[in-house]
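Predicted coordinates and the sequence they were generated for:
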Amino acid sequence: MVKVGVLALQGAVREHISSLEECGAEGVAIKKVEQLREVDGLILPGGESTAMRRLIDKYGFMDALKEFAVEGKPMFGTCAGLILLAKNLVGDKPHIGVMDITVERNSFGRQVDSFEADLAIKDVADYFPAVFIRAPHIVEAGAEVEILSKHNDRIVAAREGQFLGCSFHPELTDRHDITAYFVEMVKEAKAKQFV
Ligand code: GLN
C-alpha cells in the first residue's frame, strides 16, 4: 500500500485523507517536517495560499518540500495547492515553484466566488463535478505540461511528470477519480525507485 501525505497546515485535510483511503492508499496528515520522509507522495490542499505560505515558513517546511520534489516524488496541488506548486504567479513571487506553469489567483471573478461545473478530465473522467472556490487558473503551461482539462477556455487541470494540479476541490465531492489517478502516479513512482 502506498502512503500519501496531505500537508496539514491549513485547509481541507480530512476530506483528502478519506478520499485517499477510498482509493486504497494510506493517508497521513503531515504536521511536522520529519513526516515527509514517511510518505511516497503529497497532496497540497486548497485553502488560502498566502496563509499556507506563512505557515510553511513558520514551521520550516520550504526546503523539505523542494527536496521532496527533487527526489521525484509525486505532488498534487489542489486550488491553493496549485498556486504553491507553480513556477510563476501573476503579480506575485512563486512559493515552492516546481511546476512549469503560470497561475493567476482568484481568476473567475468576484461575483462568482464559487460554482460547480461538469468537467471532462483527460485520462480521469468524462464528467467530473468540479467545485471551484475563489479558484485560480493556469494562464500558461510549459512544453512538458499536459493539459488535462479546461473550463471556459481556461486551463483548470494539468500534469507535468510527477506534478499534478487542479483549480478545483476534488475532495469536496464524493467522486474519487482524480485522487485515484494521483494514487496511480504515486504507485508508479514508487515502483520505479526499486528498479
Ligand atoms: N483564493 C485562494 C488563494 O489564492 C485559493 C482558494 C482555494 O484554495 N479554494 O490561495
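Everything's here; your move. Residues are numbered from 1 along each chain as shown.

Need the pLDDT of the residue nearest the centre of the chain.
By C-alpha atoms, centre = their mean, the chain has its centre lying nearest to Gly77, at 1.2 Å. If you check Gly77, the pLDDT there is 98.

and if you look at Ala180?
pLDDT recorded at Ala180 is 98.

Return the distance of it relative to Glu21.
Using C-beta to C-beta, to the nearest Å, Ala180 is found at 12 Å from Glu21. From N, CA and C alone the C-beta is placed, and that goes for glycine too.

Of these two, which one has the most company?
Ala180 (17 against 14; other C-beta atoms under 10 Å).

What strand or helix carries that one?
In this structure, Ala180 sits in helix 177-193 according to DSSP states H and E.

Name the residues of that helix that are buried.
Within helix 177-193, the residues scored as buried using 16 or more other C-beta atoms under 10 Å are Asp177, Ile178, Thr179, Ala180, Tyr181, Phe182, Val183, Met185, Val186, Lys187, Ala189.

circling back: surely the residue nearest to the centre of the chain meets Gly97?
No. Judged on C-beta atoms under 8 Å, Gly77 makes no contact with Gly97 at a distance of 11.6 Å.

Need the overlap of contacts for the two.
Shared between the contact lists of Gly77 and Gly97 (criterion: C-beta atoms under 8 Å, 6 or more residues apart in numbering) are residues Leu85.

ranges for the strands of this protein?
Counting by DSSP state E, the chain has strands at residues 3-7, 26-30, 41-44, 75-78, 86-89, 99-104, 114-121, 125-133, 137-141, 146-151, 154-160, 163-166.

Mind putting those strands into JSON lines with distance to Ile17?
Shown next, in JSON lines, are those (distance: least, C-beta to C-beta, whole Å):
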{"stretch": "strand 3-7", "distance to Ile17": "6"}
{"stretch": "strand 26-30", "distance to Ile17": "4"}
{"stretch": "strand 41-44", "distance to Ile17": "9"}
{"stretch": "strand 75-78", "distance to Ile17": "13"}
{"stretch": "strand 86-89", "distance to Ile17": "24"}
{"stretch": "strand 99-104", "distance to Ile17": "23"}
{"stretch": "strand 114-121", "distance to Ile17": "22"}
{"stretch": "strand 125-133", "distance to Ile17": "18"}
{"stretch": "strand 137-141", "distance to Ile17": "26"}
{"stretch": "strand 146-151", "distance to Ile17": "23"}
{"stretch": "strand 154-160", "distance to Ile17": "21"}
{"stretch": "strand 163-166", "distance to Ile17": "17"}
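
So for Ile56, which of those strands sits nearest?
strand 3-7 (8.1 Å; C-beta to C-beta).

which helices and strands sit right next to that closest one?
Applying 3 or more C-beta pairs under 8 Å, 6 or more residues apart in numbering; DSSP states H and E, we find strand 3-7 packed against helix 14-22, strand 26-30, strand 41-44, helix 177-193.

Throw these into a markdown table and include distance to Asn106, thanks.
Converted to a markdown table, those look like this (distance: least, C-beta to C-beta, whole Å):
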| stretch | distance to Asn106 |
| --- | --- |
| helix 14-22 | 22 |
| strand 26-30 | 26 |
| strand 41-44 | 18 |
| helix 177-193 | 22 |
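
Having no further points to raise, I will conclude here.
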